[in-house]
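1. From the sequence below, what's the structure:
(one chain, ligands or ions: 1)
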Amino acid sequence: MYKTFIITAVMLTMTACSSGDTKRTGPADRSATPETVNMLAGLKQAAGQGIMFGHQDDLSYGIGWVYPGGESDVKRVTGDYPAVYGMDLGDIEHRSPVNLDSVPFDDMKVFVQQIWERGGVITFSWHVDNLLTGGTAWDVSSDRAVASVLPGGEKHEEFKDWLDNLAGFFASLRDEKGVAVPVIFRPWHEHTGSWFWWGQNLCTTEEFVALWRFTFDYLCREKNLHNLLFAYSSGGDIDNSEQYLERYPGDDYVDLIGFDYYQMPDAGNSSFRENVSRVLGIVTEAAVAHGKLAALTEAGYEGIPDSAWWTTTFWPAMENHRISYALVWRNAHNRPGHFYAPYPGQVSGQDFISFYGFRETLFQSEVTALSIYKQE
Ligand code: BMA
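-> Model prediction:
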């Protein structure tokens with residue numbers, strides 16, 4: 001059922017680090033591996049050809065199945081995998097064998113190899129626990145949690161141990177030849193809201209920026225990881241670029257910028273369409289100004305009760321914007337109704353197939369054919 005797609009030859013020309021007004025085109029990590037440099041260049045190239053579709057935990061589980069079934073709800077409906085695969089690293093900080101949603105980290109390593117082999121894109125979020133309170137990422141009972149993990153804070157040494165555990169996982173992402181697989185890391189997400197311990201009302205701008213920069217420097221410089229691209233993504237309530245960029249850690253620390261936004265059951269389709277399109281306008285303008293990629297880093301409509309949602313709401317919200325990808329959230333197998341992509345028989349399945357058929361929506365087979373992530 002793969003759709004045919006005419007692919008124009010892609011020339012990956014990388015410009016070396018430059019100074020003055022010229023924006024750098026390479027990764028924020030100046031020591032990024034050649035594969036990581038190519039991946040960013042390929043993503044920038046692909047952003048001009050269409051919008052990649054992404055799905056969280058696509059290979060881990062879906063409605064009625066759990067890995068190792070070798071399944072994907074997106075593939076069960078369209079015959080094709082998504083182009084972008086999201087996974088979450090929550091609980092890696094404890095060296096837990098499984099993440100906060102019970103996905104084994106060892107399985108993720110296998111998925112990473114499979115995805116890389118077929119030229120897909122991998123993005124990791126991190127719902128990391130609150131080190132100060134001992135609670136979860138959602139524990140906002142203290143406004144000192146960020147300060148406590150920064151240099152000089154009482155939890156700083158323990159925080160470095162947590163980053164060591166995270167770094168160990170990233171370092172283990174290798175293909176069969178031992179080459180480090182490039183991935184997009186999206187830490188400290190939705191920071192403009194106040195539902196995570198690193199959120200807007202839980203720390204100052206200086207503290208947030210210090211948290212971001214410390215994380216980046218520790219992983220790239222201290223731990224010598226050079227297979228990471230960094231994504232900065234806010235919540236969806238963005239009014240203007242000043243607000244959006246208030247806690248932006250700087251061009252030297254970020255590769256991709258985006259935001260997360262969900263359609264709420266009591267809000268109409270038009271409010272989703274209008275808000276996503278409006279904020280994408282702000283984000284894509286900032287992306288151009290800063291030489292970054294733009295994406296809708298998380299989105300969706302829980303349970304997708306609208307049978308025409310993909311073509312009448314999701315796609316119109318983004319079609320006029322130059323973005324790299326749009327990722328919908330997970331299809332929980334053990335939480336009834338908590339799903340964001342269709343599965344066989346789901347009411348929006350037919351419409352999703354129409355969406356899949358659009359020339360500008362990119363799924364795995366097209367991205368594989370574009371072969372943008374590997375230069376031989
Ligand atoms: C949330 C929900 C939770 C999940 C968390 C991290 O939005 O899906 O059930 O634990 O993301 O994946």
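
2. residues near the residue lying closest to residue 298 once chain neighbours are set aside, how many?
-> With CB to CB, 6 or more residues apart in numbering as the criterion, residue 298 has its nearest non-adjacent residue at 3.7 Å, and that residue is residue 260. For the C-beta atoms, the positions are set from N, CA and C on the backbone; glycine is no exception. Neighbouring residues of residue 260 were enumerated by other CB atoms under 10 Å; the total is 21.

3. and residue 260, how far is that from the ligand?
-> Distance of residue 260 to the ligand, given as CB to the nearest ligand atom, to the nearest Å: 9 Å.

4. Residue 93 now?
-> Computed with CB to the nearest ligand atom, the distance linking residue 93 and the ligand is 14 Å.

5. Now the phi/psi pair for residue 308, please.
-> Backbone torsions for residue 308, taken as degrees, to the nearest 10, come to phi -120, psi 20.

6. for the closest residue to it other than its chain neighbours, what are its contacts?
-> Of all residues beyond its chain neighbours, the one nearest residue 308 is residue 351 (5.0 Å), with distances taken as CB to CB, 6+ apart. With contact set as CB atoms under 8 Å, 6 or more residues apart in numbering, residue 351 has these partners: 307-312.

7. Can you show me the helices along the protein?
-> Along the chain, the stretches classed as helices by DSSP state H are 34-47, 73-78, 105-117, 145-149, 156-171, 205-217, 241-245, 269-290, 309, 315-318, 349-357, 364-370.

8. Up against the ligand, what does the stretch 1-150 of the chain have?
-> Selection of the stretch 1-150 of the chain residues close to the ligand by CB under 6 Å from any ligand atom yields 88, 100-101, 127.

9. between these, which is closest to residue 237?
-> Comparing these against residue 237 with CB to CB picks out residue 127 as the nearest, at 19.9 Å.

10. Quick check, that closest one in contact with residue 136.
-> Yes. Shown here, residue 127 and residue 136 form a contact pair, counting by CB atoms under 8 Å, at 7.4 Å.

11. Next, show the common contact partners of these two.
-> Taking CB under 8 Å, 6+ apart as the contact definition, residue 127 and residue 136 share the neighbouring residues residue 100.

12. which pair in the residues of the stretch 1-150 of the chain next to the ligand spans the largest distance?
-> Taking CB to CB as the measure, those reach their widest spread between 101 and 127, a distance of 8.9 Å.

13. Return the set of buried residues in the helix or strand of the chain with the lowest mean pLDDT.
-> When the helices and strands of the chain are compared on mean pLDDT, DSSP states H and E, helix 364-370 comes out lowest with a mean of 88. By neighbour count with 16 or more other CB atoms under 10 Å, helix 364-370 contains the buried residues 364-368, 370.

14. swap in stretch 74-87?
-> When burial is assessed from 16+ other CB under 10 Å, stretch 74-87 yields the following buried residues: 74-78, 80-87.

15. what's the answer for stretch 333-348, then?
-> Within stretch 333-348, judged by 16+ other CB under 10 Å, the buried ones are 333, 339-343, 346, 348.

16. now do stretch 264-277
-> Taking 16+ other CB under 10 Å as the basis for neighbour counts, the residues of stretch 264-277 that come out buried are 269, 272-273, 275-276.

17. contacts for that stretch?
-> Counting contacts by CB under 8 Å, 6+ apart, the residues outside stretch 264-277 that touch it are 236, 261, 263, 296, 299, 301-302, 305-306, 309, 312-313, 316-318, 320-321.

18. Surely the residue nearest to residue 298 touches residue 300?
-> No. Counting by CB under 8 Å, no contact exists between residue 260 and residue 300, whose distance comes to 9.5 Å.

19. between residue 101 and residue 127, who's got more neighbours?
-> Each of residue 101 and residue 127 has its neighbours counted (other CB under 10 Å); residue 101 has more, 19 against 16.

20. Surely that one touches residue 332?
-> Yes. The pair residue 101 / residue 332 is scored as a contact, 7.4 Å apart, by CB under 8 Å.

21. Excluding covalently adjacent residues, which one is nearest to the residue nearest to the spatial centre of the chain?
-> Taking CA atoms, centre = their mean as the criterion, residue 123 is the residue nearest the geometric centre of the chain, at 4.3 Å. When the adjacent residues along the chain are set aside, residue 123 lies closest to residue 184, with 4.1 Å between them (CB to CB, 6+ apart).
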